[in-house]
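[1] Below are the sequence and a predicted model; questions follow.
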Amino acid sequence: MIKLSERLTTIAKEVKKGETMADIGTDHGFLPLFLWENRISPKVIMADISEGSLRKAKENCNKLYPDENFDLRLGSGIEVLQKDEVDCIVMAGMGGILMTEIMERDKAKAKSFNKFILQPRNNIGILRHWLYNNGFSIINEQLVREGKYICEVITAVPIEKAVIKSMEPERIEYQYPHSLIKFKGPLTREYLSTKLNIEKNILSGMESSDNISPNELRSQNYRIDYIKRLLEKL
Ligand SMILES: C[S@@+](CC[C@H](N)C(=O)[O-])C[C@H]1O[C@@H](n2cnc3c(N)ncnc32)[C@H](O)[C@@H]1O
């Protein structure tokens, strides 16, 4: 039996019973194996761009279920899938920009799947900006602890019409959206407080530097006030 980490458990819970799924960047294959052995997903696809990673997944499949023929696919992103082939796509543990590139490469195919569960390692603001501007709605935001980090898990579904957000993707409003308050959980305060301290440290560094413009200082102060206002809403 597979025992998942808290992070992968949070992701697994977003896959509903009966939904088929593909795990893009599966590496060890633990998540699809868990969903299959617990009879949550009747069909799982394990995909990875790296032969070494896919070999790891294959070894785990053979060790746990030597008689089963699992569907493992070598290749980049969703190019290994047919349109509409599964209900649900998981991409976890890779960069947020890579996730946008994977979906951007074939938007029509990306929008043919019912649901994306995304756990980016970084650049989550850029990922949110891409989702909003390309016809996806974020239906859940969760935070989960992994070691000393708090990871974000986004669940997004395609919608008819993109809600165009014209601000720059790097804006703090995408990094820490109000939906974090809407979907607040036990880690939200700690998460935002940690981010606030990081932004305050950046400001201290800027203040002791000689070549920072008033504009840069103003925008750093804006980031700090923005997070403080979010914390007040909790
Ligand atoms: C850090 S591992 C994450 C493993 C697992 N998803 C998890 O969250 O525990 C990232 C995996 O993504 C794979 N990867 C990177 N770029 C990819 C791409 N364009 N398409 C598919 N897989 C990719 C890597 O080979 C690696 O196995």
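    Now that the structure is in, tell me what you want to look at. Numbers count the residues shown, from 1 in each chain.
[2] Is Val144 located within a strand, as I assumed?
    Yes. Using DSSP: H, G, I helix; E, B strand; the rest coil, the assignment for Val144 is a strand.
[3] Can you give me the distance of it to the ligand?
    Remark: distance between Val144 and the ligand (Cβ to the nearest ligand atom, to the nearest Å) = 12 Å. Every residue, glycine included, has its C-beta placed from N, CA and C.
[4] same deal with Ala162?
    For Ala162, the distance to the ligand - Cβ to the nearest ligand atom - is 24 Å.
[5] okay but that residue is in contact with Leu131, surely?
    No. Applying Cβ atoms under 8 Å, one finds Ala162 not in contact with Leu131, separated by 9.3 Å.
[6] Neighbour count: those two, which is higher?
    Set Ala162 next to Leu131 and count neighbours by other Cβ atoms under 10 Å: Leu131 wins out with 25 against 14.
[7] Give the closest residue to Ile138 in space, chain neighbours not counted.
    Ala156 (5.1 Å; Cβ to Cβ, 6 or more residues apart in numbering).
[8] quick one: contacts for that neighbour?
    Lys115, Phe116, Leu118, Leu131, Phe136, Ser137, Ile138, Ile139 (Cβ atoms under 8 Å, 6 or more residues apart in numbering).
[9] What pairs with the helix or strand harbouring the second one, parallel or antiparallel?
    Spelled out, that is Phe116. Using DSSP states H and E, Phe116 sits in strand 115-120. Strand 115-120 has the following sheet partners, assigned by DSSP bridges: strand 88-94 (parallel), strand 149-158 (antiparallel).
[10] in the protein, which spans are strands?
    21-24, 44-48, 71-74, 88-94, 115-120, 136-146, 149-158 (DSSP state E).
[11] Contacts only, for Val144.
    Glu6, Arg7, Thr10, Ile150, Cys151, Val153, Leu187.
[12] neighbours of the second one, just the number please.
    Meaning Arg7. Using other Cβ under 10 Å: Arg7 sits among 21 other residues.
[13] Number the residues from 10 up from this point.
    Understood, numbering begins at 10; the last thing we discussed is Arg16.
[14] Give the full set of residues in contact with it.
    Ala101, Gln128, Val153, Arg154, Glu155, Cys160, Val162.
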